[in-house]
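> The amino acid sequence is not available; the structure is as follows:
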């Protein structure tokens, strides 16, 4: 975990330095004791200090009680599945407007179930369609929320 | 006291449709709570979009039902599979699981249900009688007092930091920094971004759904093959008279401990349950039996975590500061309905306040009924195939994010926050401080700036205001106590882990 924590601390420090430097370009208001730059600037400094403390803690800590860190490796099957799953979810979200919720949802549900290792196709098809209809019905007709209809916009 | 107003306010709560919504919420809460990885916060966040079209009473009633139900539901998985359904049920497994191992799973679940109900009722009663007094005092608050109140609220980031204080603080600062994205509410200046989606600040509910629900979806996709398949047999729905006599003291003490710890903003059911368990063990005639499967251990933990539900509502309703992540989400639901929790609500919407008190008590009865009727059925939820459940949660999360403003930006933001939440959890950075920071960050900033404007930039004058000094002292005391308690819990968890390994 030590190495992972060092990477996290350095990432946090870079993030805070970028945020701090951005606050330097914020507009200065006249006759205002505390402007819009005040809070983010101090928060960025606070984040930097905490990350620095984490970094020092990890550098000074020995490896004796070190616990194994969760790895992010593309060779790991779980990580491959996660990336594929994240891709399905992102593509699904991007398809909402062009394809519409009704068309995109069963495809995404089926794809995700397949990715998770389910192979009972009748169950997958029925569940995908049923979940889509229940959620769409609940939001559209029960709550009156206009879900994106995409290609079905002219039909419904 | 205007009894006419009280009766006219609480009467709608007992309308059949409202009782039905509370029962539905309690059922959903027990279901969600019994599934490890699904928290009550996530359940409430997921169901908020369903309340958009409702009026305040059924919507809050349903969400309170989830809140109470999930607290009890967490014990089901803790007792049956040694995995707390919610973090608040972590202490329940210390004696609940050994009881299950001894063939007393039904007895343990019945004790958990009874204790949860009693603890919840104690919390609800304390909420009813204490919060009006606190809110009356809060009416005297100005910007300086609200700023120090927010600082006090933020100070409990330490108590919810988990194993690493530094990581909790990093999460807190990260959340506070994110909360400054978009238009500055005081000057109207756009900070860090010119994206239209951030014009009104960070989208709170999509961020919340991303952090708590989508991050779990990502984690479950990665670890789906490691999930345990569980089957369990259950018998009995309420404890016997002998058990009730044995656990009575633990239940009452646990209910009060839970309510008081819950009332401290940021201190949740998990801490309350451990403190109550510790107290029950300390005051027991046979402390050596704790951890081997005794009813008092289950009762103390469950009464405390359910006592927290009412306790956590006290600062939310009376001060506008959420007591924990659940009430933070509930606060979002109030705001979406056009009500700002806080002292002014006791002046402008006292009828709603009375209705909330009544709903809380009805929610506890609903939890008891649902638990008695469905405990055998709920145990089966644990064995629902996650390969079906996870995709459904994903769709609900995205739809929930979209439904608030009906724009795709919120959906994309939820996806990003889901990724951030997944990475932070993977590397053991707690998420609750981010949530607390997103809520209290804007409050602390705007009030500090207003105070500085009024007092010509003389910050030291904050120390001349008695209420501010009290809050600052409380903040420091809360930090010190939190650090000490967390060390104790870490030691206890390490010891119980060591015992289990042996």
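Arrived safely. Because the structure is a prediction, the values reported are computed rather than measured. Residues are numbered from 1 along each chain as shown, chains lettered A, B, ... in the order given.

> Just the mean pLDDT for stretch B:111-130, thanks.
What stretch B:111-130 shows for mean pLDDT is 88.

> Residue of chain A nearest chain B, please.
residue A:33 (3.1 Å; Cβ to the nearest Cβ). Where C-beta positions appear, they are placed from N, C-alpha and C, glycine not excepted.

> Let me know the outermost residue of chain A.
Distance from the centre of chain A peaks at residue A:31, with 40.3 Å (Cα atoms, centre = their mean).

> burial count for residue A:140?
By the criterion of other Cβ atoms under 10 Å in any protein chain shown, residue A:140 has 16 neighbours.

> Spatially nearest residue to it, not counting backbone neighbours?
residue A:147 (5.4 Å; Cβ to Cβ, 6 or more residues apart in numbering or on different chains).

> quick one, strands of chain A?
Applying DSSP state E to chain A gives no strands.

> In which helix or strand does the most centrally placed residue in chain B reside?
In chain B, the C-alpha nearest the mean C-alpha coordinate belongs to residue B:326, at 3.1 Å (Cα atoms, centre = their mean). Using DSSP states H and E, residue B:326 maps to helix B:325-336.

> quick one: buried residues of that helix?
Of the residues in helix B:325-336, those buried by neighbour count under the rule 16 or more other Cβ atoms under 10 Å in any protein chain shown are B:325-334, B:336.

> For residue B:388, give me its contacts.
A:113, A:118, A:123, A:127 (Cβ atoms under 8 Å, 6 or more residues apart in numbering or on different chains).

> near chain B, which of those show up?
By Cβ under 8 Å from any Cβ of the partner chain, the members of the contacts of residue B:388 lying near chain B are A:113, A:118, A:123, A:127.

> Ramachandran angles for the closest residue to the residue of chain A closest to chain B other than its chain neighbours?
Spatially, and ignoring its direct neighbours in sequence, residue A:33 is nearest to residue B:457 (3.1 Å; Cβ to Cβ, 6+ apart). Main-chain torsions, residue B:457, degrees, to the nearest 10: phi 70, psi 10.

> Let's see the pLDDT reported for residue B:457.
What the model reports for residue B:457 is a pLDDT of 79.

> Quick check: it touching residue A:34?
Yes: at 7.3 Å, residue B:457 and residue A:34 qualify as touching, with contact defined as Cβ atoms under 8 Å.

> Mind checking which of those two has more residues around it?
residue A:34 (18 against 12).

> The more buried one against residue B:450, yeah?
No: counting by Cβ under 8 Å, residue A:34 sits too far from residue B:450 to count as a contact (9.2 Å).

> residues in contact with the residue of chain A closest to chain B?
Residue A:33 makes contact with B:449, B:452-453, B:456-457 under the criterion Cβ under 8 Å, 6+ apart.

> TSV for those, including secondary structure?
Shown next, in TSV, are the contacts of residue A:33 (DSSP: H, G, I helix; E, B strand; the rest coil):
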residue	secondary structure
B:449	helix
B:452	helix
B:453	helix
B:456	coil
B:457	coil
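
> Please indicate which of those are buried?
Listed as buried from the contacts of residue A:33 are B:449, B:452; burial here means 16+ other Cβ under 10 Å.

> what's the closest of the contacts of residue A:33 to chain A?
Nearest member of those to chain A, counting by Cβ to the nearest Cβ, is residue B:457, at 3.1 Å.

> which residue sits closest to residue A:80, ignoring its sequence neighbours?
Per Cβ to Cβ, 6+ apart, closest to residue A:80 is residue A:74, 6.7 Å.

> Could you report the neighbour count for the one you found?
Count around residue A:74 with other Cβ under 10 Å applied: 7.

> Pop out the phi and psi values for it.
Main-chain dihedrals, residue A:74, degrees, to the nearest 10: phi -70, psi -20.

> Would you check that it makes contact with residue A:81?
No: with contact defined as Cβ under 8 Å, residue A:74 does not count as touching residue A:81 (11.4 Å).

> Distance of residue B:238 relative to chain A?
To chain A, residue B:238 is 34 Å away according to Cβ to the nearest Cβ, to the nearest Å.

> no, scratch that, I was asking about residue B:367
Counting by Cβ to the nearest Cβ, the gap from residue B:367 to chain A is 24 Å.

> Skipping its backbone neighbours, what lies nearest residue 108 in space?
As the question left the chain open, I've gone with chain A. Residue A:108 sits nearest to residue A:92 (Cβ to Cβ, 6+ apart), 3.7 Å away.

> nope, chain B please
Spatial nearest neighbour of residue B:108, chain neighbours left out: residue B:99 (3.9 Å); criterion: Cβ to Cβ, 6+ apart.

> Could you count how many residues lie near the residue nearest to residue B:211 when sequence neighbours are not counted?
Among residues not flanking residue B:211 along the chain, residue B:421 sits closest, at 4.0 Å (Cβ to Cβ, 6+ apart). Applying other Cβ under 10 Å, we find 26 residues neighbouring residue B:421.

> hang on, the earlier thing: return the two entries of the contacts of residue A:33 that lie farthest from one another.
Greatest spacing in the contacts of residue A:33, by Cβ to Cβ: B:449 and B:456 (12.7 Å).

> what sits against residue A:136?
Contacts of residue A:136 (Cβ under 8 Å, 6+ apart): A:101-102, A:105, A:147.

> again but with residue B:369, I slipped
Applying Cβ under 8 Å, 6+ apart, the residues near residue B:369 are B:23, B:26.

> hmm, 10 Å instead?
Each residue near residue B:369 by Cβ atoms under 10 Å, 6 or more residues apart in numbering or on different chains is listed here: B:23, B:26-27, B:117.

> cool, residue B:304 as well?
Shown in contact with residue B:304 (Cβ under 10 Å, 6+ apart): B:71, B:88, B:91-92, B:115-116, B:119, B:122-123, B:250-251, B:253-262, B:269-277, B:279-280, B:311.

> Verify the stated contact: residue B:361 with residue B:126.
No: counting by Cβ atoms under 10 Å, residue B:361 does not reach residue B:126; the two are 11.7 Å apart.

> list residues touching both of the two?
Shared contacts of residue B:361 and residue B:126, counting by Cβ under 10 Å, 6+ apart, come down to residue B:310.

> Would you check that the residue nearest to residue A:140 makes contact with residue B:402?
Yes: Residue A:147 lies in contact with residue B:402 (Cβ under 10 Å); the separation is 7.6 Å.

> out of the two, which sits in the busier spot?
residue B:402 (25 against 20).

> confidence score at the residue positioned nearest the centre of chain A?
Nearest residue to the geometric centre of chain A (Cα atoms, centre = their mean): residue A:86, 9.0 Å. We have a pLDDT of 95 for residue A:86.

> follow-up on the earlier one: could you tell me how far the residue nearest to residue B:108 is located from residue B:371?
17 Å (Cβ to Cβ, to the nearest Å).

> Roughly how far does the nearest residue to residue B:224 once chain neighbours are set aside sit from residue B:51?
In space, and not counting its chain neighbours, residue B:224 is closest to residue A:116: 5.1 Å by Cβ to Cβ, 6+ apart. Distance of residue A:116 to residue B:51, given as Cβ to Cβ: 30 Å.

> Equivalent analysis for residue B:390, please.
In this structure, residue B:390 and residue B:51 are 24 Å apart, going by Cβ to Cβ.

> again, but for residue B:242
From residue B:242 to residue B:51 the distance is 42 Å (Cβ to Cβ).
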